[in-house]
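**Student:** Structure for this input, please:
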Amino acid sequence: QVQLVESGGGLVQAGGSLRLSCAASGRTSSSYAMGWFRQVPGKERKFVAGISWSGGSTYYADSVKGRFTISRDNAKNTVYLQMNNLKPEDTAVYYCATGPRTITSMTARYDSWGQGTQVTVSS
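**Tutor:** Numbering: from 1, shown residues only. I've put the predicted structure just below:
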């Protein structure tokens, strides 16, 4: 099992930027793909972005493509989500997760989750 801890959330105005971090410990996280998801109250958790174990491949939800960038530093066991041009509809709790060997948007394929970090975008 791997432990994941997110940080970097907060309150930002529309058009602003935030950088989320997810620090991993435990199981060798560098051998697995990692993903960012988000969830608003009363709705299902949705895929935002994913990155392969090497960092060479990335995949984004259409709603964030061109605005968000996922990256990872395996030497630091950390994955990042750079969020630019934020919109009020990006407001959610953001979670990082790992588990699959390859990138997938399927929530059920991820077996380890962080506790989440709140991102609030004001209009």
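**Student:** Select the longest strand from the chain.
**Tutor:** Assignment by DSSP state E gives strand 18-26 as the longest strand of the chain.
**Student:** Packing partners of the helix or strand just after that strand?
**Tutor:** For strand 18-26, the succeeding helix or strand toward the C-terminus, using DSSP states H and E, is strand 34-39. Secondary-structure packing of strand 34-39 (3 or more C-beta pairs under 8 Å, 6 or more residues apart in numbering; DSSP states H and E): strand 18-26, strand 46-51, strand 78-83, strand 92-98. Where you see a C-beta, it was placed from the backbone N, CA and C, and this is true even at glycine.
**Student:** if we can go back for a sec, tell me which residues are up against the longest strand of the chain.
**Tutor:** Strand 18-26 is contacted from outside by 1-10, 12, 34, 36, 76-83, 86, 94, 96, 98, 114, 117, 119, using C-beta atoms under 8 Å, 6 or more residues apart in numbering.
**Student:** Same question for stretch 104-119.
**Tutor:** Outside stretch 104-119, the residues touching it (C-beta under 8 Å, 6+ apart) are 1-10, 12, 18, 20, 22, 27, 33, 35, 37-39, 44-45, 47, 50, 59, 61, 83, 86, 90-100.
**Student:** Dump that stretch to CSV, keeping only the CA atoms.
**Tutor:** Taking C-alpha atoms only, stretch 104-119 is exported to CSV below (Å, rounded to 0.1, in the frame of the first residue of the first chain):
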residue,chain,number,x,y,z
THR,A,104,-6.6,5.3,-17.0
SER,A,105,-9.6,7.5,-16.2
MET,A,106,-11.4,4.7,-14.5
THR,A,107,-11.7,5.4,-10.8
ALA,A,108,-12.1,1.8,-9.9
ARG,A,109,-8.6,1.0,-11.2
TYR,A,110,-6.9,3.2,-8.5
ASP,A,111,-6.4,1.5,-5.1
SER,A,112,-4.7,4.2,-3.1
TRP,A,113,-6.1,7.7,-2.5
GLY,A,114,-5.1,10.8,-0.6
GLN,A,115,-7.3,12.7,1.8
GLY,A,116,-8.0,15.5,-0.7
THR,A,117,-7.4,19.2,-0.8
GLN,A,118,-10.0,21.9,-1.4
VAL,A,119,-9.8,24.2,-4.3
